[in-house]
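**Student:** Next come a sequence and a model predicted from it.
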Amino acid sequence: MITLFHYPQTRASRFIFLLEELGAPYQIHQITKLTDGKDPANPHPHGKVPAIRDEETGDVVYESPAIALYLTDKFPKAGLGPTVGEKGRGAYLSWLVYYGSVLEPAFMSKFTNQPVPRPQAGWVEVEEAMGHVIGTLSKGPYLLGEKFSAADILYGTTFAMFGKSPVMPQSEVIDLYVKHVTSRPALARAQAKDGTR
Amino acid sequence: MITLYHAPASRSSLVLWLLEELGQPYRIELTPIVYGNGQGAPAPESYRAIHPHKKVPAIDHDGVKVFECAGIAAYIADRFPQANLAPKVDDPNRGLYASLLAYWAGVLGPVAAAHMNGWDKDKPTGFGAFEEVDGYVTGIIENAKPWIFGEQFTVADLLYAAALNFYMMVGALPKKQVYIDYTARANERPAAKRAQERDNG
């Protein structure tokens, strides 16, 4: 049993999507507060969401790429991430880490109007990062090619959320990708369980 | 065979250390980069096939390409389990291990860069609050006896030790005794010394 520490309409919501895709046994623990103090039940070191606890082992996992990796390795039958030794594992790990260390910081720099101090920073400008994403997806349809993976849940839901925001480079490739990811039945099931603030 | 795309005294130096810990045959492909001080030269456009932003490190393992330090570390540690550089998938430490790898890349790196550049002088940046992140990392390192997962040295230790070495040197993190003791322990490892010698040329 996986417990998801959750708050509606946040970065945690897409893990309901992933858990639905995986067909994994899970329960949702909605934390009491997102700001102004921490829910003592939430094991995340900074009181954020998402975090999960594997009730079988007591293991706690936080940071979205780590949760995605942990879950797809734990539930390999769903085929949502190449396992160790399987073709595509290298690209899968690269895309997961790239999400946290390049894509999110790139957008954060753009939101806050901070130039990216390249080469000292580990990330790049949004335009360069999105160039890489779009180049890959134009061969797609998914980040790993033909096969949908948990990486697409991270990227697809992020692009769906940014939509037509001015920080988001516009691209037909991304529009089509968002359509593919958001039309999955597991997302509709997840949205029904997301809850209200 | 593993090929490491490497530039001396850069982020790829930690993968050199990792490959020395691993003990598998590898070769180094010296790759031009522009350093933080502006020195150096960019790699040719053809290198984008290896790394989308022409950075280092990247590896090629029998045709499998991986980039991003934490991605490379996770890939290698899992692919060569006999080297015992990671808790296995069903190990109770696996969750914290995966979290620390992603945290290293997605939180510690951006927060340290923001702090180094003074972006958080007036208020915390969207990357996270410096004191909170420094405090959390301090707790993890304080409990490292001698390593984060006890007797087992993992690639998480390697990433954190390499980052602490660098961030203390450039003033992005305070020179706390607990950081100094931990990095000294890690830097004393024979593989770390071999990598350092090789990196110095």
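**Tutor:** Noted; the coordinates are in hand. Residues are numbered from 1 along each chain as shown, chains lettered A, B, ... in the order given.
**Student:** mind checking pLDDT for the closest residue in space to residue A:32 that isn't next to it in sequence?
**Tutor:** Nearest residue to residue A:32 in three dimensions, chain neighbours excluded: residue A:39, at 4.6 Å (CB to CB, 6 or more residues apart in numbering or on different chains). The C-beta positions use only the backbone N, C-alpha and C, and glycine is treated the same way. pLDDT for residue A:39: 84.
**Student:** Make sure residue A:39 is actually in contact with residue A:31.
**Tutor:** Yes. Residue A:39 is within contact range of residue A:31, at 4.0 Å (criterion: CB atoms under 8 Å).
**Student:** Now the common contact residues for the two.
**Tutor:** Listed as contacting both residue A:39 and residue A:31 by CB atoms under 8 Å, 6 or more residues apart in numbering or on different chains are residue A:47.
**Student:** Look at those two and report which has more neighbours.
**Tutor:** residue A:31 (21 against 17; other CB atoms under 10 Å in any protein chain shown).
**Student:** residue contacts, the more buried one?
**Tutor:** Contacts of residue A:31 (CB under 8 Å, 6+ apart): A:5-7, A:39, A:41-42, A:47, A:49.
**Student:** any idea how far residue A:117 is from it?
**Tutor:** Distance, residue A:31 to residue A:117, by CB to CB, to the nearest Å: 34 Å.
**Student:** Likewise for residue B:38?
**Tutor:** 11 Å.
**Student:** how is chain B carved up into domains?
**Tutor:** Using automatic domain parsing, the domain parsing of chain B gives B:2-84, B:94-191.
**Student:** Ok, which of those comes nearest chain A?
**Tutor:** domain B:94-191 (2.8 Å; CB to the nearest CB).
**Student:** residues touching the residue nearest the centre of chain B, list them.
**Tutor:** Most central in chain B under CA atoms, centre = their mean is residue B:159, positioned 3.3 Å from the mean C-alpha point. Residue B:159 makes contact with B:14, B:69-70, B:73, B:100-101, B:104, according to CB under 8 Å, 6+ apart.
**Student:** Kindly recompute the last result at 10 Å.
**Tutor:** B:14, B:17-18, B:69-70, B:72-74, B:100-101, B:103-105, B:108-109 (CB atoms under 10 Å, 6 or more residues apart in numbering or on different chains).
**Student:** mind listing what the closest residue to chain B within chain A touches?
**Tutor:** Among the residues of chain A, residue A:100 lies nearest to chain B; the distance is 2.8 Å by CB to the nearest CB. Shown in contact with residue A:100 (CB under 10 Å, 6+ apart): A:63-66, A:123, A:154, B:68, B:70, B:101-107, B:109-110.
**Student:** My read is that residue A:124 contacts residue A:115, right?
**Tutor:** No. With contact defined as CB atoms under 10 Å, residue A:124 does not reach residue A:115; the gap is 11.4 Å.
**Student:** secondary structure element for the residue nearest to residue A:32?
**Tutor:** Residue A:39 belongs to no helix or strand when assigned by DSSP states H and E.
**Student:** ok so, going back, quick check: the nearest residue to the residue of chain A closest to chain B once chain neighbours are set aside vs residue B:3, distance?
**Tutor:** With sequence-adjacent residues excluded and distances taken as CB to CB, 6+ apart, residue A:100 is closest to residue B:106, at 2.8 Å. Residue B:106 sits 26 Å away from residue B:3, taking CB to CB as the criterion.
**Student:** higher neighbour count, those two?
**Tutor:** Ranked by neighbour count (other CB under 10 Å), residue B:106 and residue B:3 place residue B:106 first, with 29 against 16.
**Student:** And the lowest mean pLDDT element among the helices and strands of chain A?
**Tutor:** helix A:104-111 (a mean of 92; mean pLDDT, DSSP states H and E).
**Student:** before we move on, back to that, same question for the helix or strand encompassing the residue nearest to the centre of chain B: list its buried residues.
**Tutor:** Applying DSSP H and E as the criterion places residue B:159 in helix B:155-170. By neighbour count on 16 or more other CB atoms under 10 Å in any protein chain shown, the buried set for helix B:155-170 is B:155-168.
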